[in-house]
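>>> what's the 3D shape of this:
(chains A, B and C)
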Amino acid sequence: MTTPALEVRGLRKSYGGVTVTQDVSLTVMPGERRLIIGPNGAGKTTLFNQIAGEIIPDAGTIKVFGQDLTRQPVSARAHAGVGRTYQIITLFPRDTLLHNVAMAMLGVSRKRFEFFNSLKPQDALYQQAHDVLHSVGLSHCVGMKASEISYGEQRRVEIAMAMAQSPRLLLLDEPFAGLSHDERLIVRDLIASLPREVTIVMIEHDMDVALAFAEKILVLHYGQLIVEGDRETVVAHPRTREVYLGA
Amino acid sequence: MQIWVIQTLNSLSLGGLLFMLASGFALIFGLMRIANLTHGALFMVGAYLAATVSRAGYGLLLAALAATLLVALFGGVVERLILRRLSGNAQGQVLATLGLSFVAADSCLMVWGGDPIPIEAPRIFQMPLRMFGLAFPTYRLFVLAVAIVVAIGLYVLIERTRLGATIRAGVDDMQMARAVGIPASRLFTTVFCLGAGLAGLGGALGGPILNAYPGLDADMLPLALIVVILGGVGSLVGTFISSFIIGFIYTFGIALVPDLAYVILFLPMVVVIAFKPEGLFSRSAT
Amino acid sequence: MQRFSIGLLLITLAGLPLVAGEYFVNLGSQILIAAIFAASLNLLVGFAGLTSLGHASYLGLSAYFCAWLSSKMGLGHAVTAPAALLLTTVVGMVFGWIALRATGLGFLMLTLALSQIVWGLAYRWVSVTNGDNGISGLSRPSPFGIDLGVSNHFYWFALIATTLCVLLMARLIHSPYGASLRGTRDQHRRMSALGFNVWGIRWVAFVVASFFAAVAGLLYVYFHKYIHPSVMSVTVSAEALLSVIAGGAGTIMGPLLGALLVVVLKNYVSAFIERWNMLLGIVFLVIVIFMPAGIKPGIDALLGRLRRGQS
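Below is the predicted model:
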């Protein structure tokens, strides 16, 4: 029995009187490409943020490769091999792309506890950052500031930062949000090219590009999982249509 | 027994004054996210104004009214001319209020000089109330009564009026409030005037108890901060209760261990911060 | 190239006593002390993104610990100096823990409240601090037998101390820790997700800042040979904050220039008007409203607008 990459059991979260996550359970095996979709307000972001550690659930458990992370702080995620991207781009705007990726690598390195050594541009850290940026096709602008590149390029830097930490589980938060058609294709290809050692769980609102990526899909509606299955099953399911066309 | 009565009433009246000071601060902070560091100075200006007006022969009560209105007006001017320019820049607003507090404090020094000015309580409150063989300082009872009236008034304002509803909406979610058409700019000026006026009222009524002296602002501001930190920002009840807790701790602290009264104040704040950083009663985080 | 210009600056500064009279040398010492203090605050304000209004506490506590240990306990400088630094840093650890239970405005209010409590304690705990009379009759140390009572000697001593402190702080800023500190200032949510312990990083910055403020406090009490509770007032914290903001937060040289400006202004103004506090307040308002990024960027922007207006 292989340990699941992500195992969520009975997750529940309420705010005031509103239950945003209702008894959600899901299992993602290593190497999978899982997509969670649902109309706006379905609770995708809340579910995602509980898995990512920013929100603590009221009940239920979250296990990553067998490790219980339910009540662990956000920073524990990175050390457990979980990486994430954000729907709203949160790069370090005044720093170069190289520095952005280097920070990502620093987060999981012992080097971050060094107080007196100068962090020089010749450092091995920056060299590795170079390689990571090369793998997402951004070698040509490594020296530019994050605020100076296009939105699509920023999205790719986000993914680069997450990948720089060699995660075993990658959480993508609406990676196609705000991208132009061409940018979407580039990001889609980038995600498709990620190695199988990385398990990917993605939430998306836009169906077109996301459906092509996913092997297994979960549909969320009002905090509950209502449909689960592969592409054909989900697309053909009457409840899926109800939820999306009705919404 | 008599000493306990005196100290208890001292605590209650100090608590009442602190409530008037802190409720204004909490309102401004809760709605506008501005930590108004001028608040101690507003209290002091209220005290000085009351001193001048009452010495001119108008009596303390009228003086307190005048002080409240003038300080509220001053608050409105400050909000419109200075704080408005810095909207969106929370740190800038705080630093601006800091700068203002220095200007206000030094201005008071210039106008009223360096000696403390004693203020007389109104004649009717000067005789102690004799009951059960004990003497109750009447003015302190009066201050307590005013504080309770103010508390009730604020409660009614916030929970039962339209203005209060807009304030509550703004405190909960300013963006949403704007989106449903609540005029933020008028609301901000109104609330700032209200908060400033409350501070001025506290300073004026506090005159007979604390006197008006340079440094009153620096003595009162940290007390207001501690009350608000302890009670939590979003809660009127929290501010009310913690005002009296601090009033008691401070008064009895000064009486029993005068050297260490400030440290005594420190401890409940530390304990609360350690276990419940949002304050004892707060709904919203700082 | 940078090393060369820094070296040149140091030589110029070291040469001051050879060309200027005692008044200016003493002014120079005061500027140096203010520079260390402002630089220490900048670790919090500029690099950690945490605005503190209670920094004067650490300068004052260090000065008082030193004064108390030498005058009331009769201990020598070799003991009082490290003891003062250690004790103040411990207080910094505790206060930092308390203040960092909140961020942003909550943090600011906590630092102010804590600072006012310490200030009030200094006035009221007369048996220990002599209250409003302060502690006087203190002495300057004699490192390696050199008499620091001579103004020039003290100036060079302060210059060495300032140089060491600034170099150490610069080293810290340029280290991996420094990079992570700046990261928490810019995107703390992202930093957590990347695996950094944001609270721990901030707390360390707070403690280090209080340590260097303590160093400034020692120099302060050596210079004045006297300590009074007013050194822990909000005014002193505000002057340091003004130095940081006016000079430009988030740079190494900024606060040093800011300190120079504030001390010189204070010295000259005090000769003409008594209302330093009012002027400080007005300058604060002007800088915050019109030049929030600091005087230099502010003046550049102003000139830019004038030039555009003309063409």
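>>> Enumerate the residues of the stretch 51-200 of chain C near chain B.
Within the stretch 51-200 of chain C, the positions near chain B by C-beta under 8 Å from any C-beta of the partner chain are C:51, C:53, C:98, C:101-102, C:104-106, C:108-110, C:112-114, C:116-117, C:120-121, C:124-128. The C-beta positions use only the backbone N, C-alpha and C, and glycine is treated the same way.
>>> Who are the contact partners of the residue lying farthest from the centre of chain A?
Distance from the C-alpha centroid of chain A peaks at A:F116, with 33.7 Å (C-alpha atoms, centre = their mean). Neighbouring residues of A:F116 by C-beta atoms under 8 Å, 6 or more residues apart in numbering or on different chains: C:R171, C:L172, C:S175.
>>> ok, now with 10 Å
A:F116 is in contact with C:L168, C:R171, C:L172, C:H174, C:S175, C:P176, C:Y177, C:G178, counting by C-beta atoms under 10 Å, 6 or more residues apart in numbering or on different chains.
>>> Where is the longest helix in the chain?
In the absence of a named chain, chain A is used. The residue-count maximum for a helix in chain A (DSSP state H) belongs to helix A:151-164.
>>> Chain B is the one I meant
Looking across chain B with DSSP H, the single longest helix is helix B:2-32.
>>> do the same with chain C
Using DSSP H, we find that the single longest helix of chain C is helix C:198-224.
>>> Pull the distance from that one to the chain's centre.
The chain centre lies 8 Å from the centre of helix C:198-224; the measure is C-alpha atoms, centre = their mean, to the nearest Å.
>>> for stretch B:189-196, same thing?
With C-alpha atoms, centre = their mean as the basis, stretch B:189-196 stands 12 Å off its chain's centre.
>>> Then stretch C:252-263?
10 Å.
>>> could you say what helices and strands the helix or strand containing B:A151 packs with?
Assessed by DSSP states H and E, B:A151 sits inside helix B:138-160. Packing contacts for helix B:138-160, counted by 3 or more C-beta pairs under 10 Å, 6 or more residues apart in numbering or on different chains; DSSP states H and E, involve helix B:2-32, helix B:60-78, strand B:129-131, helix B:162-172, helix B:184-210, helix B:236-256.
>>> Tell me the buried residues in that helix?
With burial defined by 16 or more other C-beta atoms under 10 Å in any protein chain shown, the residues of helix B:138-160 counted as buried are B:138-144, B:146-147, B:150-151, B:154, B:157-158.
>>> Tell me where the model's unsure across chain B.
Scanning chain B for pLDDT under 70 picks out B:278-286.
>>> List the residues that contact the residue lying farthest from the centre of it.
Within chain B, B:G133 marks the point farthest from the mean C-alpha position, 33.8 Å out by C-alpha atoms, centre = their mean. Residues near B:G133 by C-beta under 10 Å, 6+ apart: B:M1, B:Q2.
>>> can you give me the helices for the stretch 51-200 of chain C?
C:56-71, C:77-99, C:104-124, C:126-129, C:151-173, C:176-186, C:188-193, C:198-224 (DSSP state H, counting those that start in this stretch).
>>> just the residues of chain C that are near chain A, which are they?
Taking C-beta under 10 Å from any C-beta of the partner chain, the part of chain C that reaches chain A is made up of C:168, C:170-180, C:182-183, C:185-201, C:204, C:208, C:250.
>>> Against C:D186, how distant is C:L219?
33 Å (C-beta to C-beta, to the nearest Å).
>>> between these two, who's got more neighbours?
A direct count of neighbours by other C-beta atoms under 10 Å in any protein chain shown for C:L219 and C:D186 places C:L219 higher, at 27 against 16.
>>> hmm, back to that, quick one: the residue farthest from the centre of chain B and A:M207, what's the gap?
Going from B:G133 to A:M207 by C-beta to C-beta gives 84 Å.
>>> about what we covered before: how about exporting the helix holding B:A151 as PDB, limited to the C-alpha atoms?
Provided in PDB are the C-alpha atoms of helix B:138-160 (Å, rounded to 0.1, in the frame of the first residue of the first chain):
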ATOM      1  CA  THR B 138     -19.400  63.600  45.500                       C
ATOM      2  CA  TYR B 139     -17.500  64.800  42.500                       C
ATOM      3  CA  ARG B 140     -16.100  61.400  41.800                       C
ATOM      4  CA  LEU B 141     -19.600  60.000  41.900                       C
ATOM      5  CA  PHE B 142     -20.600  62.600  39.400                       C
ATOM      6  CA  VAL B 143     -17.700  61.600  37.000                       C
ATOM      7  CA  LEU B 144     -18.700  58.000  37.300                       C
ATOM      8  CA  ALA B 145     -22.300  58.900  36.600                       C
ATOM      9  CA  VAL B 146     -21.300  60.800  33.500                       C
ATOM     10  CA  ALA B 147     -19.100  58.000  32.300                       C
ATOM     11  CA  ILE B 148     -22.000  55.600  32.600                       C
ATOM     12  CA  VAL B 149     -24.300  58.000  30.700                       C
ATOM     13  CA  VAL B 150     -21.700  58.300  28.000                       C
ATOM     14  CA  ALA B 151     -21.300  54.500  27.800                       C
ATOM     15  CA  ILE B 152     -25.100  54.100  27.500                       C
ATOM     16  CA  GLY B 153     -25.200  56.900  24.900                       C
ATOM     17  CA  LEU B 154     -22.500  55.300  22.900                       C
ATOM     18  CA  TYR B 155     -24.100  51.900  23.100                       C
ATOM     19  CA  VAL B 156     -27.400  53.300  21.800                       C
ATOM     20  CA  LEU B 157     -25.600  55.300  19.100                       C
ATOM     21  CA  ILE B 158     -23.700  52.300  17.800                       C
ATOM     22  CA  GLU B 159     -26.400  49.600  18.200                       C
ATOM     23  CA  ARG B 160     -29.600  51.500  17.500                       C
END
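>>> Next, the angle helix B:2-32 makes with that helix.
Counting by axes from the mean of the first three to the mean of the last three C-alpha atoms, to 10 degrees, helix B:138-160 points 30 degrees away from the direction of helix B:2-32.
>>> and the helix or strand just after the longest helix of chain B, what does it pack onto?
Tracing the chain past helix B:2-32, the next element assigned as helix or strand by DSSP H and E is helix B:39-53. Packing partners of helix B:39-53 (3+ C-beta pairs under 10 Å, 6+ apart): helix B:2-32, helix B:60-78, helix B:90-112, helix B:184-210, helix B:216-231.
>>> can you put the ones you listed in a markdown table and add mean neighbour count and distance to B:I273?
A markdown table is the format used below for those (neighbours: other C-beta atoms under 10 Å in any protein chain shown; distance: least, C-beta to C-beta, whole Å):
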| stretch | mean neighbour count | distance to B:I273 |
| --- | --- | --- |
| helix B:2-32 | 24 | 16 |
| helix B:60-78 | 21 | 29 |
| helix B:90-112 | 21 | 19 |
| helix B:184-210 | 25 | 24 |
| helix B:216-231 | 25 | 7 |
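>>> Please render these as a markdown table that adds distance to C:F47 to the earlier fields.
Output for these, formatted as a markdown table (distance: least, C-beta to C-beta, whole Å):
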| stretch | distance to C:F47 |
| --- | --- |
| helix B:2-32 | 27 |
| helix B:60-78 | 31 |
| helix B:90-112 | 15 |
| helix B:184-210 | 32 |
| helix B:216-231 | 26 |
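>>> So which of those helices is nearest A:R34?
Closest of the helices and strands packed on helix B:39-53 to A:R34 is helix B:90-112, at 40.2 Å (criterion: C-beta to C-beta).
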